[in-house]
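Undergrad: build me a structure from this.
(2 chains)
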2 protein chains.
Amino acid sequence: MSEVDQALALLSRGTHEILVEDELRKKLESGRKLRIKAGFDPTAPDLHLGHSVLLTKMRQFQELGHTVIFLIGDFTGRIGDPTGKNVTRKPLTEADVKANAETYKEQVFKILDPEKTEVRFNAEWFGEMGAAKMIELAAQSTVARMLERDDFEKRYKANQSIAIHEFLYPLVQGYDSVALEADVELGGTDQKFNLLMGREIQKHFGQEPQVVITMPLLEGLDGVQKMSKSLGNYVGVDESPGSMFNKLVSMPDSLMWRYFELLSLKSNEELDTIKQSVEQGANPRDIKMELARELIARYHGDEAAANAHKSAGNQLADGELPEDLPEVEVDFEGGEAPIASVLTRAGLTKNSAQAKDMLKNGSVKVDGEAVAPSTMLATNNAYVIQAGKKRYARVSLK
Amino acid sequence: MSEVDQALALLSRGTHEILVEDELRKKLESGRKLRIKAGFDPTAPDLHLGHSVLLTKMRQFQELGHTVIFLIGDFTGRIGDPTGKNVTRKPLTEADVKANAETYKEQVFKILDPEKTEVRFNAEWFGEMGAAKMIELAAQSTVARMLERDDFEKRYKANQSIAIHEFLYPLVQGYDSVALEADVELGGTDQKFNLLMGREIQKHFGQEPQVVITMPLLEGLDGVQKMSKSLGNYVGVDESPGSMFNKLVSMPDSLMWRYFELLSLKSNEELDTIKQSVEQGANPRDIKMELARELIARYHGDEAAANAHKSAGNQLADGELPEDLPEVEVDFEGGEAPIASVLTRAGLTKNSAQAKDMLKNGSVKVDGEAVAPSTMLATNNAYVIQAGKKRYARVSLK
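TA: Reported below is the predicted structural model:
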């Protein structure tokens, strides 16, 4: 497999669509350092792993030597909602934008290589653009074309109003590609229309059109709906190592390859090796632990990743952890630990009989979830265990 | 009738629509010097009487003490056609705009009072407007609203493309009213949509909305189609006094009141008096001559107006006047002149028999039109008379 073929194989992994793949091949063959653009909202970032799909793809480009442009769309953010109808979309101040950009940088440089990243703001070119140029830009597309965009079409047909400036925003995003001389633009599948607009605008301004790569939305931990804070099926990038570990290791097996594909920086060859190991009988839980370690290392460092399994139980799922939580260590010599024994040996129940009673009537919770009397806990792990309403402890099993 | 009632009666004469008349009354009652806006294209002006309908209405406002703003839309003119598809709509240079503005001024100050006129160019405010403000402006209307405009609706339904910037132009025109703080905007009936947009934009920017007055298109001399150079039914404002006279005096009687209403600066009372005179038996031709004199005086001065009837025949209708046209004067002592006698006495035919022959076979033309043998020519007038293909003369009859 040629170097370009190999690059293409990696870069197309997990993508939804590449438009046009042949053009991407030619750009890769040119040997030039390509400019890879992705745009982000300047509103306060509250990132979860779903957002990192794009960043992971950007990082893959960087591994191949290309330059990534992390574009913050502050120009439109600072306009706010000019219809004045949407009070929640207030114009951002320059200070807001700066603060949000700093938060972004903190997070994104956990994935991106700062040496190969340009952080740019589109007010840089739009701030000094005149109304005349904006009109010229507006001339580059048509009403019919805009109404082809899914959301516009739906709103138009449903007689929901579309303000004229909403037609300008795809053009603004397209012009960003001109200003940045982008070779490739990455975005979610919902961004396809706007990304393609960039190609049109670049052509008008005499540039070679960018290749458009759309990435799918990452499924949440339920494996069904897209990852989203409001759906509760997410892993936040600022979650503790233990919490990340717990969530990632407990995802359905069916989801793990998807997460590997979209979030891991392992090569395709490494992934193939891992897949083969599962076919040959490896425990999927171990594979998920491997993924968890890679992702935790990214956000919290290698040491935290190595120890995450120990602190994984340190947090109640509902977050209601008492501040004065007693710490208890119980040694099962690396074997399996029946919950009833753990309760008594940790001092949470007086004896085995009380433990069994409480388990029977459902008043024992491990990491916030009621557990069955037959539950076995893995050793080399830590759990927050609750017996009744008042007795808690963080129990480390050896 | 109160002063304001009288003003309203004059100002509404000939209008197609006033939106909203009550608001106009209030503005007039305020006693303020109102700001009356009308916008004109910066392309080379080639004006005819049709264009003067608006100017005449503007002049009526001036007679009432108000200020007229003659706005030249150079901002959009200098953008040209940004789609690059329309080669005939090239961007105008600053020099083009200046030259055209001078031509305009020459013509329009024949109607408008320069002391009460501001000549403005909208590049004054749009030239320094930023892209962000243009986006804010674009937010002030919706796609559905724009597609209500007749021409947009037709094109959209016929799948003809509408470039996005075309949606910006009504907003640009609307913002002109903000920049100029217009109290009233005048325009053709085809401009109604854009004029009303001005009201919306003014409201958004905290101004009292302008009153919109639409004026009908002036019918051409045929009394059927709108006046237009390409239809040949026009009177150009730079035509010679004689030509104006000829055209105006020969219009159908049914048209003369319409022309009076829309083009004359006479008061409503004066018009009533003239109408009564016709009811009492005055010759409509005399009324048309009175109108012709008013209009000719406007473009060529009082003396030219007084003498226009004399030179009225000096031009062939088709414009093919030989350069070495002989001048002949024939005295009929103020009576009527039979065409056969005129021909012979002017030396265009050898004798009365030849004259009659030529008249019979239709080879005699007066001012470019073949005439019947029984034709009588009015004295105190001049005609270009042609007998056969080679014999011409400009004949003044006394």
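Undergrad: ranges for the helices of the stretch 251-398 of chain A?
TA: A:253-263, A:268-279, A:284-300, A:302-311, A:339-345, A:352-360 (DSSP state H, counting those that start in this stretch).
Undergrad: make CSV out of these and add mean pLDDT.
TA: Formatted as CSV, the helices of the stretch 251-398 of chain A follow (pLDDT from 0 to 100):
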stretch, mean pLDDT
helix A:253-263, 92
helix A:268-279, 93
helix A:284-300, 91
helix A:302-311, 78
helix A:339-345, 90
helix A:352-360, 89
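Undergrad: mind checking which of those is nearest B:Ala99?
TA: helix A:253-263 (62.8 Å; CB to CB). Quick note: C-beta positions are derived from backbone N, CA and C, even for glycine.
Undergrad: quick revisit: nearest to B:Leu217, out of the helices of the stretch 251-398 of chain A?
TA: Shortest separation from B:Leu217 across the helices of the stretch 251-398 of chain A is recorded for helix A:253-263, at 63.6 Å, computed as CB to CB.
Undergrad: what comes up buried for that closest one?
TA: A:255-257, A:259-263 (16 or more other CB atoms under 10 Å in any protein chain shown).
Undergrad: ok, of these, which one's closest to A:Ser341?
TA: Minimum distance to A:Ser341 across the buried residues of helix A:253-263 is 31.3 Å, recorded for A:Met256 (CB to CB).
Undergrad: quick one: contacts for that closest one?
TA: A:284, A:287-288, A:291 (CB atoms under 8 Å, 6 or more residues apart in numbering or on different chains).
Undergrad: which one of those is nearest chain B?
TA: Nearest to chain B among the contacts of A:Met256: A:Leu291, at 43.4 Å, using CB to the nearest CB.
Undergrad: tally of neighbours for that closest one?
TA: A:Leu291 has 20 neighbours, counted by other CB atoms under 10 Å in any protein chain shown.
Undergrad: how about A:Glu148?
TA: A:Glu148, neighbours per other CB under 10 Å, totals 10.
Undergrad: picking that back up, tabulate the buried residues of helix A:253-263 (TSV), appending distance to B:Phe193.
TA: What follows is the buried residues of helix A:253-263, written out as TSV (distance: CB to CB, whole Å):
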residue	distance to B:Phe193
A:Leu255	55
A:Met256	59
A:Trp257	57
A:Tyr259	54
A:Phe260	57
A:Glu261	53
A:Leu262	50
A:Leu263	53
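Undergrad: circling back: rebuild the contacts of A:Met256 as CSV, extending it with distance to chain B.
TA: Shown next, in CSV, are the contacts of A:Met256 (distance: CB to the nearest CB, whole Å):
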residue, distance to chain B
A:Pro284, 51
A:Ile287, 49
A:Lys288, 47
A:Leu291, 43
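Undergrad: contacts only, for A:Pro252.
TA: A:Gly223.
Undergrad: oh, I was asking about A:Ser177
TA: Residues in contact with A:Ser177, defined by CB under 8 Å, 6+ apart, are A:37, A:185, A:198-199, A:201-202, A:207, A:210.
Undergrad: for chain A, which segments count as strands?
TA: Under the criterion DSSP state E, chain A contains strands at A:17-19, A:35-40, A:67-72, A:117-121, A:184-188, A:211-215, A:327-330, A:337-338, A:364-366, A:369-370, A:376-377, A:381-387, A:391-397.
Undergrad: chain B: which of those strands is closest?
TA: Of all the strands of chain A, it is strand A:117-121 that lies closest to chain B, at 13.7 Å by CB to the nearest CB.
Undergrad: that closest one close to chain B?
TA: No - for strand A:117-121, no contact with chain B is found by CB under 8 Å from any CB of the partner chain; the gap never falls below 13.7 Å.
Undergrad: got the contact list for that strand?
TA: A:42, A:62, A:67-72, A:74-75, A:97, A:101, A:104-105, A:108-109, A:180.
Undergrad: now do the residue with the largest distance to the centre of chain A against A:Leu359, distance only.
TA: Most distant from the centre of chain A: A:Ala353, at 46.1 Å, with distances by CA atoms, centre = their mean. Using CB to CB, to the nearest Å, A:Ala353 is found at 11 Å from A:Leu359.
Undergrad: which among the contacts of A:Met256 end up buried?
TA: Counted by 16+ other CB under 10 Å, the contacts of A:Met256 give A:287-288, A:291 as buried.
Undergrad: okay, now A:Glu23: neighbour count?
TA: 18.
Undergrad: swap that for A:Gly14, please
TA: A:Gly14 has 20 nearby residues by other CB under 10 Å.
Undergrad: which parts of the stretch 51-200 of chain A are helices?
TA: Assigned by DSSP H, counting those that start in this stretch, the helices in the stretch 51-200 of chain A fall at A:52-63, A:74-79, A:94-108, A:123-126, A:131-138, A:143-146, A:150-157, A:165-180, A:192-204.
Undergrad: dump those to JSON lines, plus distance to B:Gly347 and mean pLDDT.
TA: Compiled in JSON lines, the helices of the stretch 51-200 of chain A are given as follows (distance: least, CB to CB, whole Å; pLDDT from 0 to 100):
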{"stretch": "helix A:52-63", "distance to B:Gly347": "95", "mean pLDDT": "95"}
{"stretch": "helix A:74-79", "distance to B:Gly347": "81", "mean pLDDT": "81"}
{"stretch": "helix A:94-108", "distance to B:Gly347": "90", "mean pLDDT": "84"}
{"stretch": "helix A:123-126", "distance to B:Gly347": "79", "mean pLDDT": "94"}
{"stretch": "helix A:131-138", "distance to B:Gly347": "65", "mean pLDDT": "92"}
{"stretch": "helix A:143-146", "distance to B:Gly347": "69", "mean pLDDT": "92"}
{"stretch": "helix A:150-157", "distance to B:Gly347": "77", "mean pLDDT": "89"}
{"stretch": "helix A:165-180", "distance to B:Gly347": "74", "mean pLDDT": "94"}
{"stretch": "helix A:192-204", "distance to B:Gly347": "70", "mean pLDDT": "94"}
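Undergrad: enumerate the residues of chain A near chain B.
TA: Residues of chain A lying near chain B (CB under 8 Å from any CB): A:75-76, A:78-79, A:81-83, A:126-136, A:138-144, A:146-147, A:152, A:156, A:159, A:161-165, A:167-168, A:171-172.
Undergrad: buried ones only from the residues you listed, please, as a PyMOL command.
TA: Buried members of these can be picked out in PyMOL with the line below, counting by 16+ other CB under 10 Å:
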select buried, chain A and resi 75+76+78+79+82+83+126+129+130+131+132+133+134+135+136+138+139+140+141+142+143+146+147+152+156+162+163+164+165+167+168+171+172
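Undergrad: save the helices of the stretch 251-398 of chain A as TSV, and put in distance to B:Leu49 too.
TA: Compiled in TSV, those are given as follows (distance: least, CB to CB, whole Å):
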stretch	distance to B:Leu49
helix A:253-263	72
helix A:268-279	79
helix A:284-300	78
helix A:302-311	86
helix A:339-345	100
helix A:352-360	101
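Undergrad: out of those helices, which is closest to A:Lys398?
TA: A:Lys398 lies closest, by CB to CB, to one member of the helices of the stretch 251-398 of chain A: helix A:302-311, at 10.0 Å.
Undergrad: now the angle between strand A:381-387 and that closest one, please.
TA: Orientation note: helix A:302-311 sits at an angle of 30 degrees relative to strand A:381-387 (axes from the mean of the first three to the mean of the last three CA atoms, to 10 degrees).
Undergrad: which other helices and strands contact helix A:302-311?
TA: helix A:241-249, helix A:284-300, strand A:381-387 (3 or more CB pairs under 8 Å, 6 or more residues apart in numbering or on different chains; DSSP states H and E).
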